[in-house]
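1. Mind looking at a prediction? Sequence and model below.
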There are 2 protein chains.
Amino acid sequence: MRIPIIKLFTLTLILSFSVCVAAQEPITPIEPVKEINLAMVELGKKLYFDPRLSKSGFISCNSCHNLSMGGTDNLKTSIGHNWQQGPINAPTVLNSSLNVAQFWDGRAADLKEQAGGPIANPGEMAFTHTLALEVLESIPAYVTEFTRVFGPDCINIDQVTEAIAEFEKTLVTPNSRFDQWLLGDTRAISAQELAGYQLFKSSGCVACHMGPAVGGTSFQKMGLVSPYETKNDAQGLAGVTGKDADRFKFKVPTLRNVDMTYPYFHDGEAATMDEAVDIMGRLQLGRKFEQADIDQIVAFLKTLTGEQPSFVLPILPPSTDKTPQPTPF
Amino acid sequence: MRIPIIKLFTLTLILSFSVCVAAQEPITPIEPVKEINLAMVELGKKLYFDPRLSKSGFISCNSCHNLSMGGTDNLKTSIGHNWQQGPINAPTVLNSSLNVAQFWDGRAADLKEQAGGPIANPGEMAFTHTLALEVLESIPAYVTEFTRVFGPDCINIDQVTEAIAEFEKTLVTPNSRFDQWLLGDTRAISAQELAGYQLFKSSGCVACHMGPAVGGTSFQKMGLVSPYETKNDAQGLAGVTGKDADRFKFKVPTLRNVDMTYPYFHDGEAATMDEAVDIMGRLQLGRKFEQADIDQIVAFLKTLTGEQPSFVLPILPPSTDKTPQPTPF
């Protein structure tokens, strides 16, 4: 087949343009997951959905990081064991592998370290690692699956958290309309959405909300220009470092799928994106956005919803007569 | 192709035998679901998984009828709004379309009537139908989907419960090893399992646990021969009919997937199948089973686990700025 020179030239121009777009932007496309241990993912998926890792037998990872709902519970703060009110808004698990650290205060270095936290937190799943392992060891199908993935050792908590983390690594959301635009499809977003992105950049939002996750890469003070008023007790990074200068520094949340991860901020007090953009403008940038500006930015933010994880609901192997029974009440 | 007469004769014998087996047995195979409205099923699946049908925004149908766990919560009695302790064991949703009526006391005639109950029950999802409809009406993707399935009327509770019921009709579990045996595969169950089935029949268990669901077709008194001791207040059918003769009459539960639907009885007090079979023998049949008998019957019961519903976890359309917010605390 012969391609006319003029067409080749146009094609080259388009390709160059695409590459340029992606290369120049402070936000980069989410990459589909690569190099994953599939057997470990399947095990981790079961554990993620298994409420037997909680004292009550009722709360699983998916209870508060619900994969039907953007990897969150869409509550201001979560409901824990015995209906305890959680201290902080549950961050999305989607694209969390791209975070510099885990939790709002970064107290876990990675997903594996994070995964052990809620199981043993008295206000969340309220179990102990020892009891969780006893439950798993009592279920032959789990024992077989752990053996297949990790070898014939007794099940240990490192294996449990590694498997959950491996599953969580698959929870990326590529191919949002914005990523399609980044990759060169100029028609993927509207003029208003593009204007919103330009404003997002020119206003300085992008100083923190950058990279593939549009956030998640740094800790910043909540209330940089004006103080943030909240009844929430969370101290942020200071709780980890002990430094007063780190008070109210929180991990910048990802804005990927932000249309699904309401309500916003570490205290969950911003119910809508309009409200969140307005507050961010005033408190972090010292800028009062007009409603038309907010509309544009929110229109852009809605283009960040990517393909949600798609998988068959796992069927959990049943407990046996030897399985320790849950104690919900 | 010519088939030797002797082979044809053998084939006829095998086929006749298969048909005879199925025809003579008091338990019949679960049939795969037929004549279903697929668009309604997809809508109903979303509703089944949507915790926004509860006051807290945390409890969905799937919380207590968890399709990863045999359509139950595997708790004695369920956890409701504000961690209230439910009054009765959550029956499995699997094969519930085969029940003569719904709930342990049969107070709902069918799945559609059942589905409205927990949403508005103050001890369960603690919402109101009106508020649930307000939530759904505020979400454009739901409005579109209801319109596609039901036409352009406002969303009403009949549509919500009909869609949930249509999804629940798909939750049958065909092709258990026992059904394979019923359909003529003599090698599908072991000699011990077959002996357990023979004992199940000869002891009289099958008088109540019969039909495709191995139960679900009648109400029987719990404690027919000897009284059942329980701290549970449930009165059974008497609460519906007002007749004293119906006290402690409960719907006979299905034994399909019974290996996954522990703990057992309306009060959830039997933790293991061994315990349940022993109690049933003594209280309903006036017979003390030896441990070897129990082992056989339990081996048979484990052959009743069928293919679990297999579907992609639904992604729920996000709330909007107009959606009433949940009130978990």
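-> All right, it came through fine.
2. For A:A120, the count of nearby residues, please.
-> Applying other C-beta atoms under 10 Å in any protein chain shown, we find 18 residues neighbouring A:A120. Backbone N, C-alpha and C define where each C-beta goes, glycine included.
3. Now do the contacts for it.
-> Contacts for A:A120 (C-beta atoms under 8 Å, 6 or more residues apart in numbering or on different chains) come out as A:127-129.
4. A:P328 too?
-> A:55-58, B:75, B:79, B:85.
5. which residues does the spatially closest residue to A:V135 that is not a sequence neighbour contact?
-> If the residues on either side of it in the chain are set aside, A:V135 comes closest to A:R52, at 5.0 Å by C-beta to C-beta, 6 or more residues apart in numbering or on different chains. A:R52 makes contact with A:132, A:135, A:316, A:319, A:323, A:326, B:74, according to C-beta under 8 Å, 6+ apart.
6. any idea what A:R52 is structurally, helix, strand or coil?
-> helix (DSSP: H, G, I helix; E, B strand; the rest coil).
7. And A:S310, by the same measure?
-> Once three-state DSSP is applied, A:S310 turns out coil.
8. now do A:F250
-> Under three-state DSSP, A:F250 comes out as strand.
9. so how many other residues sit close to it?
-> Neighbour tally, A:F250, other C-beta under 10 Å: 24.
10. Kindly state the beta-bridge partners for it.
-> A:Q220 (DSSP bridges).
11. Any figure for the gap between it and A:A191?
-> According to C-beta to C-beta, to the nearest Å, A:F250 and A:A191 sit 34 Å apart.
12. next one: A:L237
-> A:L237 is 39 Å from A:A191, by C-beta to C-beta.
13. between these two, who's got more neighbours?
-> Under the neighbour definition other C-beta under 10 Å, A:L237 and A:A191 were set side by side, and A:L237 has more, 23 against 9.
14. So is the host helix or strand of A:V277 next to chain B?
-> Using DSSP states H and E, the element containing A:V277 is helix A:273-285. Yes. Against chain B, helix A:273-285 shows contacts by C-beta under 8 Å from any C-beta of the partner chain at A:D274.
15. Name the residues that touch the helix or strand following that helix?
-> As assigned by DSSP H and E, the chain's next helix or strand after helix A:273-285 is helix A:291-301. Defining contact as C-beta under 8 Å, 6+ apart, one finds that helix A:291-301 is touched by A:178, A:189-190, A:192-197, A:199-200, A:203, A:205, A:255, A:258-259, A:273-274, A:277-278, A:281, A:289.
16. try 7 Å this time
-> Outside helix A:291-301, the residues that touch it by C-beta atoms under 7 Å, 6 or more residues apart in numbering or on different chains are A:192-193, A:195-197, A:199-200, A:255, A:258-259, A:273-274, A:277-278.
17. In helices, which of those appear?
-> Counting by DSSP state H, the contacts of helix A:291-301 place A:192-193, A:195-197, A:199-200, A:273-274, A:277-278 in helices.
18. just to revisit the earlier point, write a PyMOL command that selects only the buried members of the contacts of A:P328.
-> Per 16 or more other C-beta atoms under 10 Å in any protein chain shown, the buried members of the contacts of A:P328 correspond to this PyMOL selection:
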select buried, (chain A and resi 55+56+57+58) or (chain B and resi 75+79)
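19. Can you tell me how far A:E137 is from A:D321?
-> Distance from A:E137 to A:D321, by C-beta to C-beta: 14 Å.
20. And A:S60, by the same measure?
-> 23 Å.
21. Who has more neighbours out of the two?
-> A:S60 (24 against 12).
22. where in chain A is pLDDT low?
-> Regions of chain A meeting the criterion pLDDT under 70 cover residues A:1-23.
23. which parts of the stretch 201-329 of chain A sit against chain B?
-> A:259-260, A:262, A:271-272, A:274, A:308, A:310-316, A:318-319, A:321, A:325-326, A:328-329 (C-beta under 7 Å from any C-beta of the partner chain).
24. Would you mind listing which of those are buried?
-> A:259-260, A:262, A:271-272, A:274, A:308, A:313-316, A:318-319, A:326, A:328.
25. List of residues touching stretch A:133-142?
-> A:52, A:143, A:154-157, A:317, A:319-320, A:322-324.
26. Can you mark which positions in that stretch are buried?
-> In stretch A:133-142, counting by 16+ other C-beta under 10 Å, buried: A:133, A:135-139, A:142.
27. how close does A:V277 get to A:I294?
-> 5 Å.
28. And A:Q114, by the same measure?
-> For A:Q114, the distance to A:I294 - C-beta to C-beta - is 33 Å.
29. can you list the residues of the stretch 1-150 of chain A near chain B?
-> So far as C-beta under 7 Å from any C-beta goes, the stretch 1-150 of chain A lies against chain B at A:49, A:56-58, A:67-70, A:73-75, A:79, A:82-83, A:85.
30. For chain B, state which of the residues you listed is nearest.
-> Closest approach to chain B among the residues of the stretch 1-150 of chain A next to chain B (C-beta to the nearest C-beta): A:W83, at 3.8 Å.
31. dump the residue contacts of the closest residue to A:A132 other than its chain neighbours.
-> Nearest non-adjacent residue to A:A132, counting by C-beta to C-beta, 6+ apart: A:L53, 4.9 Å away. By C-beta under 7 Å, 6+ apart, the contact set of A:L53 is A:47, A:60, A:119, A:125, A:127, A:132.
32. May I have stretch A:100-117 as CSV, with CA atoms only?
-> In CSV, the C-alpha atoms belonging to stretch A:100-117 read as follows (Å, rounded to 0.1, in the frame of the first residue of the first chain):
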residue,chain,number,x,y,z
VAL,A,100,4.1,8.4,48.1
ALA,A,101,2.9,6.8,51.4
GLN,A,102,-0.4,5.5,52.8
PHE,A,103,-3.0,7.1,55.2
TRP,A,104,-3.7,10.8,55.3
ASP,A,105,-0.7,11.2,57.6
GLY,A,106,1.5,8.9,55.6
ARG,A,107,2.2,6.7,58.6
ALA,A,108,2.4,3.6,56.4
ALA,A,109,5.2,3.5,53.8
ASP,A,110,3.3,1.3,51.3
LEU,A,111,0.1,-0.6,50.6
LYS,A,112,1.4,-3.7,52.4
GLU,A,113,2.2,-1.8,55.6
GLN,A,114,-1.2,-0.1,55.3
ALA,A,115,-3.2,-3.3,55.0
GLY,A,116,-2.4,-4.6,58.4
GLY,A,117,-3.6,-1.4,60.1
